[in-house]
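*Asks:* Give me a model of this one.
(4 chains, ligands or ions: 8)
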Protein chains: 4
Amino acid sequence: MSDFFKGIDKVRYEGPESTNPLAYRYYNPEEIVLGKRMDEHLRFALAYWHSFAWEGGDPFGGRTFERPWFDSEMEGAKLKAEVAFELFELLGVPYFCFHDADVRPEGETYAESTKKLNAIADIFEEKMAQTGTKLLWGTANLFSNRRFMGGAATNPDPDVFAYAAATIKANMDVTMRLKGENYVLWGGREGYETLLNTKLDKELDQLGRMLSLVVDYKHKMGFKGTILLEPKPQEPTKHQYDFDVSTVYGFLKKYGLENEVKVNIEVGHAILAGHTFEHEVAMAATHGILGSIDMNRNDYQSGWDTDQFPNNVPEVALAYYHILKAGGFATGGTNFDAKLRRQSIDPVDLLYGHIGGMDTCARGLKAAAAIIEDGSYDAFLEDRYAGWNDAEAQAMLKGERSLEDITARVERDNINPQPKSGRQEYLENLINRFV
Amino acid sequence: MSDFFKGIDKVRYEGPESTNPLAYRYYNPEEIVLGKRMDEHLRFALAYWHSFAWEGGDPFGGRTFERPWFDSEMEGAKLKAEVAFELFELLGVPYFCFHDADVRPEGETYAESTKKLNAIADIFEEKMAQTGTKLLWGTANLFSNRRFMGGAATNPDPDVFAYAAATIKANMDVTMRLKGENYVLWGGREGYETLLNTKLDKELDQLGRMLSLVVDYKHKMGFKGTILLEPKPQEPTKHQYDFDVSTVYGFLKKYGLENEVKVNIEVGHAILAGHTFEHEVAMAATHGILGSIDMNRNDYQSGWDTDQFPNNVPEVALAYYHILKAGGFATGGTNFDAKLRRQSIDPVDLLYGHIGGMDTCARGLKAAAAIIEDGSYDAFLEDRYAGWNDAEAQAMLKGERSLEDITARVERDNINPQPKSGRQEYLENLINRFV
Amino acid sequence: MSDFFKGIDKVRYEGPESTNPLAYRYYNPEEIVLGKRMDEHLRFALAYWHSFAWEGGDPFGGRTFERPWFDSEMEGAKLKAEVAFELFELLGVPYFCFHDADVRPEGETYAESTKKLNAIADIFEEKMAQTGTKLLWGTANLFSNRRFMGGAATNPDPDVFAYAAATIKANMDVTMRLKGENYVLWGGREGYETLLNTKLDKELDQLGRMLSLVVDYKHKMGFKGTILLEPKPQEPTKHQYDFDVSTVYGFLKKYGLENEVKVNIEVGHAILAGHTFEHEVAMAATHGILGSIDMNRNDYQSGWDTDQFPNNVPEVALAYYHILKAGGFATGGTNFDAKLRRQSIDPVDLLYGHIGGMDTCARGLKAAAAIIEDGSYDAFLEDRYAGWNDAEAQAMLKGERSLEDITARVERDNINPQPKSGRQEYLENLINRFV
Amino acid sequence: MSDFFKGIDKVRYEGPESTNPLAYRYYNPEEIVLGKRMDEHLRFALAYWHSFAWEGGDPFGGRTFERPWFDSEMEGAKLKAEVAFELFELLGVPYFCFHDADVRPEGETYAESTKKLNAIADIFEEKMAQTGTKLLWGTANLFSNRRFMGGAATNPDPDVFAYAAATIKANMDVTMRLKGENYVLWGGREGYETLLNTKLDKELDQLGRMLSLVVDYKHKMGFKGTILLEPKPQEPTKHQYDFDVSTVYGFLKKYGLENEVKVNIEVGHAILAGHTFEHEVAMAATHGILGSIDMNRNDYQSGWDTDQFPNNVPEVALAYYHILKAGGFATGGTNFDAKLRRQSIDPVDLLYGHIGGMDTCARGLKAAAAIIEDGSYDAFLEDRYAGWNDAEAQAMLKGERSLEDITARVERDNINPQPKSGRQEYLENLINRFV
Ligand SMILES: [Co+2]
Ligand SMILES: [Co+2]
Ligand SMILES: [Co+2]
Ligand SMILES: [Co+2]
Ligand SMILES: [Co+2]
Ligand SMILES: [Co+2]
Ligand SMILES: [Co+2]
Ligand SMILES: [Co+2]
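*Replies:* Numbering: from 1, shown residues only, chains lettered A, B, ... in the order given. Ligands and ions are numbered 1, 2, ... in the order given. I've put the predicted structure just below:
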């Protein structure tokens, strides 16, 4: 037991009236919501990188956090793991997620890096057994090292593609060993800084090939988890190929992977792409590729990825509504891809951030469940489209009528449709009854 | 001959040194560029709506233009047509484009509207024969009338779908009669104002069906033109389903239409979607769906569609570079989907706007051709990806190596790729030699 | 009594548990909050233009609303007034606001327009006496008529300045007659569409002069209300001179008007300027120019002014917190500068919009009051800056120490300040206890 | 002589036809433009930080550049200075600019940091004498060290204010010793990350005091240079107090400093604030506070500060037009606050970046001069406002007419102004003749 969180006790549910800043007011894991435990709905995970590896830097200033594991190699990595599992236990989160680069120091060679990764995986295996914490997903960081500055799979240099492929294999192996429930790919540098030096067609083909390699390896190894792509429109690059959910869907269709790969949707990335988070969730559900979520928020006045902890219940509620309507998470979950503000330098701030985020999600989930249980919202929606249940409408929709058939009917019946109120304000008020 | 443009002569090419504001300084139709006449490269078209139907209103003020054809019905429509063809001739543009709603008054019924449309088409047919002006494309306006306020193909009311289908048929018929080279669909209301009242899956299926109806009808009628979708991310709706080129590509793949339909890319819509115009052009070429362009510009400080005439040569040059590299336009062309500022109220302003736009495009085209003829830029690009021509790289790319094969090679050869300069500044300077 | 709202009863407070969509769940006018009635805190006003004059058009489509008063002149204006006061009574809002252009038809001449305005004012006077509804503010619409297309006070044509000045006088006269509590100026066209045709210095001087004329006239007439400028960064123009609160403050200082004029801050305009609404409120309070608010919301994914009814309680709560801390409204109030979505075409939608907006504000106000009553948030803030209460700190702040004095102390005492946590997540959680 | 730029010769002017990527095509220092040498117009300066201290990191990846001076302390700082002056000479730029933090390593204490700064200043002094390179401005970096994470002058801790004040003094002293022509303050952390933990009024007063201290010290020391504030709306903080030129003007007025302090306007910061660069330049000229410029560009599709080298001549031309119209630079100049893309890792890329930037500025300056020499644009502008030269218009503008006087005249003369075309497209075409 490290003394990093000295004096901080396990966080417990105390109910909405609690004024204890280190208690949950809404997250009550065993509470039953729509027939299932709250923790099984939400499937919270902590992200290793933001909470334990990020140093508090920004483009205009360096490290603000002082963590005893910084600036030391494998010893630091072990202490970091110890503290990480202490936080998982203090918060009672069932899952965690990792990138190789935030759990182990980089080696001089691929082989050495892989060896270090495996050594940390040994520690994780032990800690997971001790604490019961599970792995939601693993991933390879293919963007921080300078070798990836011009892309990983989409690099003009095929050796970088090869190095990236090998790195993915190492991380898939660890993820499988640790019984991870998903494997994630985020293409932070799979895009371009300037179109001037870029061949789009070549790079997309490279990216498609890499994803096919991953899917093939998954099947060969009998991995039952889900392969997830995480869309983001830009940052670090000017343009990223996995721009948003719809773009990723087109990419998967192009390379025949739409039944093999799903998406991990991050709130902040949705905002940067010009969408609401609930839009991206609903669009993924529509395309059958909703996998998991990276929960955070983006500052609406900032043009970069702020990865803040969520705090707006009405927004979070709408997202969980769509997740619930899509059947809830299968292998996915709610990963906090959120970091403390760089001025929140104390260990206790790590608690405040996650407690607030988890309570916001729990409130949102309960609100979404209440909307569904009440039923009036869903009934409104059914009713709005009810006309399409008619036989002639169905015939049109199924392709049993040609443009000429339909035109003939319009002329014959002098069809002259009258608009009906969209009732947006009514619906906003209705939703506000539950949030 | 109306007296609308009284005193204005046919615009002629006078060369870069001319100070005549009513002359072309760069657009010289018969000048040969890369072995082809400039007018055959550019294939300029004028848009009927912005130049003749738009009244100068904005959300905070009404009509500023005074046109003798406003406020009268068929007589106005006829005068409008007369003036339009006068402008086509004054400018010497080979093509025009139209929406039904900007060429004919709306009737009380579908049948009446169609009759009026056909009457105007008679006039067009005659004028086209007289003047030699051709039709680049026609389209149906499925967004201005209040019946379409909740969508056309994606309306919750199937009668609106039917009415829209019939309207499309009427416009396709006129387009075919006038030997239009393309038919365009822009889904201005095919999206949502609030996700709260929207079923995404249903609406996308409706939209896919409508597009299939159009494609089927095209084939049945033997129309040889191209069906084009015009992407736009938002405005008038909060979210439009044809968000950008990549989204449209995924949509076409979903409904099996990627070999039947191409895109008409508008500069301003690219900007609103968070892309450069050249990105959208290059992405469409990569996906094999580059059809035509709507040339204009968007103010970078405004969050709505400003549809201004282009004036920045370096930007336009990059777009034509990608068009030329993709083989140039087939049935497509350069349509000025651009409108005068609402304070530019004089007839002569219509000349200034188009002259400036056409000269900007001509300069851009010539710059793009010079880049290609010089060859050093293309050579740089080939060289940057040359490593992928190696046998082992090709084997990886073609799927002849598994993740394990590649990993074994990385370990065996201790592959440790070193980054190479991306040379962005060098390339920007190189391009600046030509613009 | 018109039959426009036939079948709709006066909206009453029924408490949070009510499921009646035509009842208030939070707005309870006589409820005491921080020692004052809720209606006296909020001082709700309805905006005439959005609710009664706007036709549902947008840049891509015309009128969607069907109101019996459209398309008729003075008769329509009278019916409109009748229905407006019916809505004021149904909702129980104490105030309204108007622009001349939305209450009377435009005349052929200035004199005629003024006559019509005065005729409508007669009706208002009578209705106000009957119903007890009061006027929060009046204003002149100096942006819709084409004469103002190039600016009103900032027009290159001094005759437009003169016409605008006269129009302001007419509206101030009516506002004074109706005992308006404020007079507002929003400079919708006081800016530029292109800097190319603009002399900034001249136009700012013209604008400063106009505002001085207004202030002089106010004093001459003994008007006790407040003169308010409403900042907005753009739209309709590319750039507006009253960009945001800080810009307006600089403008007022430039022309010596900072003690004469305050601001009317609109939520949507704050968002368009890249700020939160609470930022603008707090900045105005800091500069001593907080006057009144235009309550609405802007869609975070849209780049134009959406003027939607507010529905996000946490956001509204923060704004009212700053208003309460600044002492609450003096002559100002909460004007709903909000319009129905153009698909919300039924009379009852006008009720839904305002009920939702009023309930959102009432919840926000109560949350803000609870934060203040609880006291822990304010205590945190005091404590954070407590170091500045020390004598030496005060001496620095008051200018009693020079740069050299301070440097000498830093060197002598080897001052080496250690950063303290900013506690952002803690504070967000704390605030979330109340919203 | 280091071997960092081995094999690279002094960059010379070779004219527009040159294809040598290491030659100037437009920057010809001694060429006379509007009666003055080009180098005296442009007054180019290189920024030490981006070119020599920045390591190529971004929020998702670390150092990409390999510079022999990284990771060593004073020895590195000396080598860095040597290479810096080599680049100044290779490029032939007359000026440079520095922050303390990019020229010297940080010490353990204020005294030690100052000592190191002074030691580097000794080297600079010697190099400047040898090479003739001059100092455009110096500044203190009050944002990178973690002590400033919560602000420098605006920190809740008065000790941080004191430390910042002392640091400014040290940098002013060095700037004066090196005969710097200006002293700059950029408030990177003078703002807030969350309004929740912020007292705006207190922080603004602190900032005003700090600026007064600087002005007082300047006068005491007899420094003849200009004190410059550099506006930026956000990044690193969510909101910065020096948001844009207009905000800074209001701030200066508030604290009575508008005659003491001018602005250093950065292109990228203008874009982030929602303005064009020429807007900010023209606004500063209007307010009499135009000082100097930080030349770069921001990617229009990125929401953060990209600090790229400029490459769009038409945009740069408009900025220099306004600078020339304001009389050109006095103590200010054109500082390249621009950095290589992180993939541009070779020493020669430093040459490409600056050559391209300098040529873009030179082309822009020549275009601006040609617009002025041609005269038709300025004549248009004069003519547009000519009505204001009339006696009655002047009387209104000067305050010799009251609102009642003006209204009486409008009524008496039945003034009914007719709109005139704003001629935006004509003007855009006119400008395009010169760029
Ligand atoms: Co993520
Ligand atoms: Co993120
Ligand atoms: Co278009
Ligand atoms: Co457009
Ligand atoms: Co308003
Ligand atoms: Co508004
Ligand atoms: Co700068
Ligand atoms: Co910058």
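*Asks:* Give me the most central residue, chain A.
*Replies:* Compute the mean C-alpha point of chain A, and by C-alpha atoms, centre = their mean the closest residue is A:Asp294, 2.5 Å away.
*Asks:* which sections of the stretch 101-250 of chain A are below the confidence cut-off?
*Replies:* For the stretch 101-250 of chain A, no stretch is flagged by pLDDT under 70.
*Asks:* Assign A:Phe98 to helix, strand or coil.
*Replies:* strand (DSSP: H, G, I helix; E, B strand; the rest coil).
*Asks:* Let me fix that, I meant to ask about A:Gly187.
*Replies:* coil.
*Asks:* With A:Glu400 instead?
*Replies:* coil.
*Asks:* now do A:Asp3
*Replies:* With three-state DSSP as the basis, A:Asp3 sits in coil.
*Asks:* what about it, distance to chain B?
*Replies:* Per C-beta to the nearest C-beta, to the nearest Å, A:Asp3 is found 40 Å from chain B. For every residue, glycine as well, the C-beta is placed using N, CA and C.
*Asks:* again with A:Ser144
*Replies:* Distance of A:Ser144 to chain B, given as C-beta to the nearest C-beta: 13 Å.
*Asks:* That residue in helix, strand or coil?
*Replies:* Quick answer, by three-state DSSP: A:Ser144 is coil.
*Asks:* list the contacts for it?
*Replies:* For A:Ser144, the contacting residues are A:101, D:60-62, by C-beta atoms under 8 Å, 6 or more residues apart in numbering or on different chains.
*Asks:* Whichever of those end up buried, select them in ChimeraX.
*Replies:* Those of those that count as buried under 16 or more other C-beta atoms under 10 Å in any protein chain shown are selected in ChimeraX with:
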select /A:101 /D:60,61
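*Asks:* so the residue nearest to the centre of chain A sits right up against A:Asn264, yeah?
*Replies:* Yes - between A:Asp294 and A:Asn264 a contact is recorded at 6.0 Å, counting by C-beta atoms under 8 Å.
*Asks:* Tell me if the biggest helix by length in chain A is near chain B.
*Replies:* The helix that spans the most residues within chain A, counting by DSSP state H, is helix A:347-374. No - figure legend: helix A:347-374 not in contact with chain B (C-beta under 8 Å from any C-beta of the partner chain); closest approach 10.7 Å.
*Asks:* next structured bit after that helix?
*Replies:* Counting by DSSP states H and E, the next helix or strand C-terminal to helix A:347-374 is helix A:376-384.
*Asks:* ok, residues contacting the helix or strand just after that following helix?
*Replies:* Scanning forward in sequence from helix A:376-384 by DSSP H and E, the next helix or strand is helix A:391-397. Helix A:391-397 is contacted from outside by A:387-388, A:401, A:406, A:409, B:158, B:161-162, B:165, B:205-206, B:209, using C-beta under 8 Å, 6+ apart.
*Asks:* what does stretch A:423-432 give?
*Replies:* For stretch A:423-432, contacts defined as C-beta under 8 Å, 6+ apart pick out A:314, A:317-318, A:371, A:376-377, A:380, B:193-194, B:196-197, C:21, C:309, C:311, C:313, C:340-341, C:343-344, C:349, C:352-353, C:355-356, C:359-360.
*Asks:* now for the strand or helix carrying A:Thr247, which elements pack on it?
*Replies:* When elements are assigned from DSSP H and E, A:Thr247 belongs to helix A:245-254. Where contact means 3 or more C-beta pairs under 8 Å, 6 or more residues apart in numbering or on different chains; DSSP states H and E, helix A:245-254 is packed against helix A:200-221, strand A:261-266, helix A:277-287, helix B:245-254.
*Asks:* same thing but 6 Å
*Replies:* For helix A:245-254, the packing partners by 3 or more C-beta pairs under 6 Å, 6 or more residues apart in numbering or on different chains; DSSP states H and E come out as strand A:261-266, helix A:277-287, helix B:245-254.
*Asks:* So what's the residue count around the closest residue to ligand 5 within the stretch 301-435 of chain A?
*Replies:* Residue of the stretch 301-435 of chain A nearest ligand 5, by C-beta to the ion: A:Glu425 (18.5 Å). Counted with other C-beta atoms under 10 Å in any protein chain shown, residues neighbouring A:Glu425 total 28.
*Asks:* check the contacts of stretch A:423-432 against ligand 3, which are close?
*Replies:* Among the contacts of stretch A:423-432, no residue lies close to ligand 3 (C-beta under 5 Å from the ion).
*Asks:* coming back round to it: name the SS class of the residue nearest to the centre of chain A, please.
*Replies:* strand.
*Asks:* still on that earlier bit, so what angle separates the directions of the helix holding A:Thr247 and helix A:200-221?
*Replies:* On the basis of axes from the mean of the first three to the mean of the last three C-alpha atoms, to 10 degrees, helix A:245-254 is oriented at 70 degrees to helix A:200-221.
*Asks:* Export only the CA atoms of helix A:245-254, formatted as CSV.
*Replies:* What follows is helix A:245-254, C-alpha atoms only, in CSV (Å, rounded to 0.1, in the frame of the first residue of the first chain):
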residue,chain,number,x,y,z
VAL,A,245,-19.0,7.8,-36.8
SER,A,246,-20.4,8.2,-40.3
THR,A,247,-17.0,8.5,-41.8
VAL,A,248,-15.8,5.4,-40.0
TYR,A,249,-18.9,3.5,-41.2
GLY,A,250,-18.0,4.4,-44.8
PHE,A,251,-14.4,3.3,-44.2
LEU,A,252,-15.5,0.0,-42.8
LYS,A,253,-17.9,-0.6,-45.7
LYS,A,254,-15.1,0.2,-48.2
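*Asks:* Residues touching that helix, excluding its own?
*Replies:* A:229, A:231, A:242, A:258, A:261, A:263, A:280, A:283-284, A:287, B:246-247, B:249-250, B:253 (C-beta atoms under 6 Å, 6 or more residues apart in numbering or on different chains).
*Asks:* How about stretch A:14-25?
*Replies:* With contacts defined as C-beta under 6 Å, 6+ apart, stretch A:14-25 is touched by A:11-13, A:351, A:359.
*Asks:* out of those, who's nearest chain B?
*Replies:* Nearest to chain B among the contacts of stretch A:14-25, counting by C-beta to the nearest C-beta, is A:Asp359 at 24.5 Å.
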